[in-house]
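Asker: my questions are about this predicted structure, shown below with the sequence.
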Number of protein chains: 2
Amino acid sequence: MNASMTTAIEVREQDRLAVSPTELPDDTPDRGSGRRLLANALRILAIDAVEAANSGHPGMPMGMADIAEALWRRHLRHNPTDPGWPDRDRFVLSNGHGSMLLYALLHLTGYDLPMEELRRFRQLGSRTPGHPEYGVTPGVETTTGPLGQGLANAIGMALAERLLGAEFNRPGHRIVDHRTFCFVGDGCLMEGISHEACSLAGTLGLEKLVVFYDDNGISIDGPVAGWFTDDTAQRFEAYGWRVIRRVDGHDAYALDAAIDEALTPCGKPTLICCRTVIGYGSPNRAGSAEAHGAPLGSAEVAATRAALGWTGPPFEIAEEVYAGWDARRRGAAAQADWQARFDSYADAHPQAAAEFLRRMRGDLPESFANSADAWIGAVTARAEAMATRKASQQAIGALTGLLPELLGGSGDLTGSTLTDWRGSGGRHLHYGVREFAMAAVMNGMALHGGFLPFGGTFLAFSDYARNALRLSALMGLRVVHVFTHDGIGLGEDGPTHQPVEHAASLRLIPNLDVWRPCDALETAVAWRMAVERSGGPTALLLSRQSLPAQGTGRAGTDRARDVAHGGYVLADDGRPDVVLIATGSEVSIAMEARLLLANRGIAARVISMPCCEVFDRQDPSWRRAVLPDGIPRLAVEAGATGLWRATVGLAGDVVGLDRYGESAPAADLYRHFGITGDAVADRAQRLCVPLS
Amino acid sequence: MNASMTTAIEVREQDRLAVSPTELPDDTPDRGSGRRLLANALRILAIDAVEAANSGHPGMPMGMADIAEALWRRHLRHNPTDPGWPDRDRFVLSNGHGSMLLYALLHLTGYDLPMEELRRFRQLGSRTPGHPEYGVTPGVETTTGPLGQGLANAIGMALAERLLGAEFNRPGHRIVDHRTFCFVGDGCLMEGISHEACSLAGTLGLEKLVVFYDDNGISIDGPVAGWFTDDTAQRFEAYGWRVIRRVDGHDAYALDAAIDEALTPCGKPTLICCRTVIGYGSPNRAGSAEAHGAPLGSAEVAATRAALGWTGPPFEIAEEVYAGWDARRRGAAAQADWQARFDSYADAHPQAAAEFLRRMRGDLPESFANSADAWIGAVTARAEAMATRKASQQAIGALTGLLPELLGGSGDLTGSTLTDWRGSGGRHLHYGVREFAMAAVMNGMALHGGFLPFGGTFLAFSDYARNALRLSALMGLRVVHVFTHDGIGLGEDGPTHQPVEHAASLRLIPNLDVWRPCDALETAVAWRMAVERSGGPTALLLSRQSLPAQGTGRAGTDRARDVAHGGYVLADDGRPDVVLIATGSEVSIAMEARLLLANRGIAARVISMPCCEVFDRQDPSWRRAVLPDGIPRLAVEAGATGLWRATVGLAGDVVGLDRYGESAPAADLYRHFGITGDAVADRAQRLCVPLS
């Protein structure tokens, strides 16, 4: 690293040679110094915005500005005036703390991100938040910041491109044919998810993926030599990647050559290792961790301006620099070319073209609602007892027939999570034992468009993927997590595999819908709600063990319709003395308790509450009708009780499990932990008849 | 892989050559076939126990039995009659689903694990749970099953050995001098944590760590060629490991040679890649994923017995086989040798010897309580305003002076989490951007003994480490997690970095104490409670921003003593109209609201509740005195409200945040989200004066 580090002094001398950008029309070869000037515009915007916010990360934008110039001005195929162009190249800034690099690029190339937004970097309501956020800023393809996940998102995008191309391209018609580019830093590559995702990408041979490694030898704590001594090139070769080593990340022509090489097909993803200087251009901070995450300060900003030969005031960019960066004309031409090709495709394959556009919009087929009604009706009529993971597999079988965008997978537990289905050929992925990457790759596929990904693992191991679930919820992505073996009912595998706190802890993640269905019908409705939900992800918590069917519901009601409210009255004789609220495998226990209580002269209502989030979104009238005020409440769920106490109130009670499970057959465990019909009936009775 | 696979037929012919184990006295060279017989005892015990339980994983024990025989009979230094011998070699079964291999080893070598326990494999209350559990079975060094974490635990143990040796060994006296051995499978190596931990181990050059890779080419979904094509040897060389390639995992002598090589010092950890056949010995399941996780069934068990030439009934082992395995004599001799060396060390360095024993017992120094009292008293008197992360750094400075076992570290956020302290030299680790490995390595160090590890990252990224926190709580380990930047108060970094659901979701993990202190004094008490807690881990949730000191408490009380109850009355004038319950950075907001309410003629009690778990463990009398029945309650915490509703009841209210944050300066965010003294006062007033 040290050998290639440009000292601050050298930086200064190089950059003082910068010439006017007027010498740089869009279509003629640039002189290196002119390209450096354009890169310096990124640097200056970044440091000025950080300075104005008095907060942010100047080091990475300054270090990667030349790479960004080479990629964005010479290779990236995008159209700033239509960030939604389906066949655009995808660009992911996995080291998301360098957000100002991306905002500067978007602004300069012509996206709808005016200078005023850059001035308001990191301020409330701006389109320039501290880390890039999907949905906030046009051109931002994914929310990054939690390290390593952007890289996995990019791999999901590249995978989606390949699968979508295989499905929709036709001889003589390549309507899906774009690249995915990703910037990563040392932090991303230290994170475990980088291993999971890049190992998978190597196995899959995602050759249209190009990753730029910002090899600056520095992370927050200082020179990485003390804690990160991987031979990263060798590591990626071990994954089956093409690695382009030791590229000078400040030499635009060397970068061009590396990118050209990366774009030649070889059946492998490519890593370009770029030697860079963090904070490049700052005389006193370059090459040091001090450049990473704090404003340079006005004196150093001035010194950097001088060193880079930059004379303009903050947030003012010369027209010539804008001209050098403007990508609108080239982008519009590229998109027009694609549109012409797409129109020709649509002429030849009108159905496929319409289907492609529907898939990219994320709309369900028009026929979906009717077909789903019929399917749910059939499930209601069958009323079969089975494990809800099995019911989920049947739902998958039904839904994948209706929705070709469904793309399944499992974290090496296909036969346990039952995410595969008959005739799935090519639509079910073996993610390997990589829960975190699976979730982040699913996010990437959902972001790319064209797919509705679902993936399975054991609920206990949702922990491994937790932050990717959070990001899917923050971004509002439609992905479905199939989490089976959802409690002590899994039995002998013991406490490491038995989720106790997981259902509750997933319910805490804002905008994640968590379903824990009690039988095949609830499972089917949950699946339907998950695929119909356009604003966020869904987690399905499913049993390993068989569960009885709870029938068609009360007379005069349509149970499937009730289930869709998230919580509903499953059994009631009117005028309940006590209300039992249960989910999943504990609903049948509550139903058993209800019978026992009836024999004791106590009328119990049983509420099945498969999805608290959906229930909470219902009209107050529905909620009050289901869960009346003034009647004692007892919740039953074989897991952490805390959140249920919020529902039952101080006067209510919860039958649950606030400790770890044990290794034993499931029936033994339910008895051992007192989660039985008898125990529930006793606890409910105590709520009705206060002890004297 | 295929080239080295022994077919089932070959297995059968090889094993029929097995000779009587009486030819195998402990101290003479074995014949290979005799060693195979001893290995077969492991296989047979495993398949019989799985058969009896009708549940479990036979494939791995059958595949790794020969490796286990080579390691445990020839190289592992342990004493079955004293599993707590401080200088024993550590053995970790990271692929913990193969638990029966370990139970068979412990039983046969002479640990207190009678055959009756093997018969009760996976039954309630047995010492042979489905996955190995620390504290349940003598000789089990850590709880494994969640893949990859055992490997990281082993790295923590090897690191603890090195650091403890550096601290306590003296010229001519090596009282800390043992190895760490670990078994891993493909699953462990696909998990991201394997990257984080092994990259770190390579950087640290942990040369006394030897990892055996069970390279059987199979994972649950089938042959790994479809999803895991890493060149693992090359990958580990990229980490700076010594790799011994292509060892026949069924050739005891080849394994001996590989282990001998692994034990020669080279400054690097060693990976031995062992080609094995999963389910080795089963004529119809060997080499197939079917052998992995289900009983073979009686017919296949019989066929396997025949193939291996094993004639004994289930759970009966010939005396000669016991004799071949019994490690008690050799183990006792090894420990006696160490004891003699330790006695000589104790003669020469009596203080160091006593300190070493204290550290390994996990006792605090006798003087600790008095010193801590004095320190807490000084913090109380100073009553300084500061960020609680800063207060934590001061606490660390004070405590590390009292407790040399404290070993700090940070996930590349040292300057932000403030886990380092003046004069820390060598006692603070740079874990790199590896949150999950950091937590699991800390678990390994705590398991090894001699250290009380703490490590820091941002609270939002506790997600990355979550399952390792869970395992530390399940095992009851004394580790301390320093989670700073604990809410929207971190400001501009935005929603990816702002924890919202994290405090609540950590509180859901059984046996994890979660502290969210409001000022320097509460932070000091939290730290003291964390290091004094012997039965489990602690998470400290700390602010980025400065917080006012809340003073010495009410007249007539010792606030520090109050804080130690987890929840206490911070301000009250008697006869409250409303109770405000707050934590951390929101306590000062509740105090502000209290003043506003007083001006409106409403008396508010403020309860500071830094640790709900400790409060819940108090006598009911304390809890009722702090939190009286019948008075309206309002909780204030800038995070998910659900769990607080359990405390305030259906009639109470919560001022919190059930959505993601935003990127903006902290003060703007508190206003934007309505978490201010005014807003709290208004909400509290509404509880007292019902709207007409």
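Answerer: Alright, I've got the coordinates. Numbering: from 1, shown residues only, chains lettered A, B, ... in the order given.
Asker: can you tell me how far the residue of chain A found nearest chain B sits from residue B:474?
Answerer: Closest contact between chain A and chain B, by C-beta to the nearest C-beta, is at residue A:192 (2.3 Å). Glycine gets a C-beta too; all of them are placed from N, C-alpha and C. According to C-beta to C-beta, to the nearest Å, residue A:192 and residue B:474 sit 21 Å apart.
Asker: do residue A:290 as well
Answerer: Residue A:290 is 41 Å from residue B:474, by C-beta to C-beta.
Asker: okay, these two: which has more neighbours?
Answerer: Per other C-beta atoms under 10 Å in any protein chain shown, whichever of residue A:290 and residue B:474 has more neighbours is residue B:474, with 26 against 19.
Asker: remind me which helix or strand the more buried one belongs to.
Answerer: helix B:462-475 (DSSP states H and E).
Asker: list the helices and strands the next helix or strand after that helix packs on?
Answerer: Using DSSP H and E, the next helix or strand after helix B:462-475 towards the C-terminus is strand B:480-484. Contacts defined by 3 or more C-beta pairs under 8 Å, 6 or more residues apart in numbering or on different chains; DSSP states H and E place strand B:480-484 against helix B:388-402, helix B:414-417, strand B:452-458, helix B:462-475, helix B:520-532, strand B:538-541.
Asker: hey, least reliable of the ones you listed by pLDDT?
Answerer: Among those, helix B:414-417 has the lowest mean pLDDT, at a mean of 93.
Asker: what's the following helix or strand past that one in contact with?
Answerer: Next helix or strand after helix B:414-417 toward the C-terminus (DSSP H and E): strand B:428-430. Around strand B:428-430, the neighbours that count as contacts under C-beta atoms under 8 Å, 6 or more residues apart in numbering or on different chains are A:221, A:226-227, B:407-410, B:412, B:414, B:419-421, B:455.
Asker: residue boundaries of the helices in the stretch 301-450 of chain A?
Answerer: For the stretch 301-450 of chain A, applying DSSP state H, counting those that start in this stretch gives helices covering A:319-325, A:328-348, A:350-361, A:368-382, A:388-402, A:414-417, A:435-448.
Asker: dig out what the closest residue to residue A:507 other than its chain neighbours forms beta bridges with.
Answerer: Among residues not flanking residue A:507 along the chain, residue A:514 sits closest, at 5.0 Å (C-beta to C-beta, 6 or more residues apart in numbering or on different chains). For residue A:514, the beta-bridge partners are residue A:539 (DSSP bridges).
Asker: what residues are up against residue A:514?
Answerer: By C-beta under 8 Å, 6+ apart, the residues touching residue A:514 are A:503, A:506, A:507, A:538, A:539, A:541, A:611, A:612, A:613.
Asker: repeat that for 7 Å
Answerer: By C-beta atoms under 7 Å, 6 or more residues apart in numbering or on different chains, the contact set of residue A:514 is A:503, A:506, A:507, A:539, A:541, A:611, A:613.
Asker: what does residue A:256 give?
Answerer: Counting by C-beta under 7 Å, 6+ apart, residue A:256 makes contact with A:70, A:74.
Asker: beyond the helix or strand that contains it, next helix or strand please.
Answerer: Residue A:256 is part of helix A:252-263, with elements assigned from DSSP H and E. Counting by DSSP H and E, the next helix or strand C-terminal to helix A:252-263 is strand A:270-275.
Asker: let me know the angle separating that next one from helix A:252-263.
Answerer: 160 degrees (axes from the mean of the first three to the mean of the last three C-alpha atoms, to 10 degrees).
Asker: which neighbouring elements make contact with strand A:270-275?
Answerer: For strand A:270-275, the packing partners by 3 or more C-beta pairs under 7 Å, 6 or more residues apart in numbering or on different chains; DSSP states H and E come out as strand A:209-215, helix A:232-238, strand A:242-248, helix A:252-263.
Asker: what's the most buried one of the ones you listed?
Answerer: Burial of those is given as mean neighbour count (mean count of other C-beta atoms under 10 Å in any protein chain shown); strand A:209-215 ranks first at a mean of 28.
Asker: what average pLDDT does that strand get?
Answerer: Mean per-residue pLDDT for strand A:209-215: 98.
Asker: what's the answer for stretch A:349-362, then?
Answerer: The pLDDT scores in stretch A:349-362 average 98.
Asker: which positions within that stretch qualify as buried?
Answerer: Using 16 or more other C-beta atoms under 10 Å in any protein chain shown as the test for burial, stretch A:349-362 gives A:349, A:352, A:353, A:355, A:356, A:359, A:360.
Asker: where does residue A:621 fall, secondary structure wise?
Answerer: Using DSSP H and E, residue A:621 falls in helix A:620-626.
Asker: same question for residue A:296.
Answerer: Counting by DSSP H and E, residue A:296 is part of no helix or strand.
Asker: verify the stated contact: it with residue A:284.
Answerer: No: applying C-beta atoms under 7 Å as the test, residue A:296 and residue A:284 come out as separate, 8.6 Å apart.
Asker: more neighbours, these two?
Answerer: residue A:296 (25 against 17).
Asker: what residues does the stretch 101-250 of chain A have near chain B?
Answerer: Contacts of the stretch 101-250 of chain A with chain B, taken as C-beta under 7 Å from any C-beta of the partner chain, map to A:122-124, A:129-131, A:143, A:145-147, A:187, A:190-193, A:195-196, A:199-200, A:202-203, A:219-221, A:226-231, A:234-235, A:237-240.
Asker: again, only this time at 6 Å
Answerer: A:122-124, A:129-131, A:145-147, A:187, A:190-193, A:195-196, A:199, A:203, A:219-221, A:226-231, A:234-235, A:238-240 (C-beta under 6 Å from any C-beta of the partner chain).
Asker: worst-scoring helix or strand of chain A, pLDDT-wise?
Answerer: Among the helices and strands of chain A, helix A:8-15 carries the lowest confidence by mean pLDDT, DSSP states H and E, at a mean of 34.
Asker: spit out the contact partners of residue A:234.
Answerer: Contacts of residue A:234 were listed using C-beta atoms under 6 Å, 6 or more residues apart in numbering or on different chains, and they are residue B:238.
Asker: try 7 Å this time
Answerer: Applying C-beta under 7 Å, 6+ apart, the residues contacting residue A:234 are B:234, B:237, B:238.
Asker: and the gap between it and residue B:534?
Answerer: 44 Å.
Asker: and residue A:137, by the same measure?
Answerer: Taking C-beta to C-beta, one finds residue A:137 at 50 Å from residue B:534.
Asker: and stretch A:590-610, is it in reach of chain B?
Answerer: No: judged by C-beta under 7 Å from any C-beta, stretch A:590-610 stays clear of chain B, getting no closer than 13.9 Å.
Asker: what sits up against that stretch?
Answerer: Contacts to stretch A:590-610, defined as C-beta under 7 Å, 6+ apart, come from residues A:515-518, A:522, A:526, A:563, A:566-573, A:575-583, A:587, A:615, A:626-627, A:636, A:677-678, A:680-681, A:684-685, A:688.
Asker: per-domain residue ranges of chain A.
Answerer: Following the TED database, one finds the domains of chain A at A:31-331, A:367-542, A:565-688.
Asker: can you redo those domains as JSON lines with distance to residue B:593?
Answerer: Compiled in JSON lines, the domains of chain A are given as follows (distance: least, C-beta to C-beta, whole Å):
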{"stretch": "domain A:31-331", "distance to residue B:593": "23"}
{"stretch": "domain A:367-542", "distance to residue B:593": "25"}
{"stretch": "domain A:565-688", "distance to residue B:593": "22"}
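Asker: more neighbours: residue A:137 and residue B:534, which one.
Answerer: residue A:137 (21 against 11).
Asker: does the more buried one really touch residue A:113, like I thought?
Answerer: Yes: with contacts counted by C-beta under 7 Å, residue A:137 reaches residue A:113, the gap being 6.3 Å.
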